[in-house]
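*Asks:* return atomic coordinates for the entry below.
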Amino acid sequence: MTEAVGFDLDMTLIDSRPGIRAAYRALTARTGVHVDADLAVTRLGPPLRTELREWFPEADVEEAVATYRALYPDHAIEPTVPMPGAVAALSAVREQGLRVVVVTSKLGRLAAMHLRHLGLEYDELAGDLFAEGKAAALTEHGVRWYVGDHVADMVAARTAGVPGIGVATGPCSAEELAEAGAAHVLPDLTGLPVLLREITVGS
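*Replies:* The predicted structure follows:
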């Protein structure tokens, strides 16, 4: 199997904050339960249930998850844009003869909608995974480096035994990513093509 570079999705490859904000507001309108959408989008990364537990009683969380996911395609896909450098980063992976694997906590079918809408090409997609839970997918799909914006992504890389590349474009600072074990930390994806050329030499 050709080696791959793995990517997280939200706030790594895509800026989904506008779309997720809209989806949370739609959820509030549908359920009558207030969700502070502006606050929620500052802490993207963990699974949806983690955020919804901040706003809904435990007994109502699963219904809220189902309602949110039903609303998501109509509200969250169109406003979402690629992160700076995302398109060039994926092109750089291809130029190195490597595959693109997306491993995300977002439900796989919703992640696929985002990638398709934005024309971001990938080889494999694994969804509904977080932190250590991503490690098996990274291993299965031959991921050699894993790029993410959250400390949990660095945990995933460490658990899978591969270098983590942190991008400080999400809720976690460069310092937090480094402390979580990132082998490299970049301000954003624009620096990935140069880094990728450096780390793939002789690897």
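
*Asks:* got a list of what residue 152 touches?
*Replies:* Listed by CB atoms under 8 Å, 6 or more residues apart in numbering, the contact set of residue 152 reads 45, 46, 130, 131. Quick note: C-beta positions are derived from backbone N, CA and C, even for glycine.

*Asks:* apply 7 Å and report the result again.
*Replies:* Residues counted as contacts of residue 152 (CB atoms under 7 Å, 6 or more residues apart in numbering) are 45, 130, 131.

*Asks:* closest one of those to residue 101?
*Replies:* Each of those was scored against residue 101 by CB to CB, and residue 130 proved nearest at 16.0 Å.

*Asks:* surely the closest one touches residue 105?
*Replies:* Yes: judged on CB atoms under 7 Å, residue 130 makes contact with residue 105 at a distance of 4.3 Å.

*Asks:* for the protein, what helix or strand is lowest in average pLDDT?
*Replies:* In the chain, no helix or strand scores lower on mean pLDDT, DSSP states H and E than helix 192-200, which sits at a mean of 94.

*Asks:* how about residues contacting the longest helix seen in the chain?
*Replies:* Criterion DSSP state H: the longest helix present in the chain is helix 58-76. If you take CB under 7 Å, 6+ apart as the criterion, helix 58-76 is touched by 16, 19-20, 22-23, 26-27, 30-31, 48-49, 52-53, 56, 107, 110, 113.
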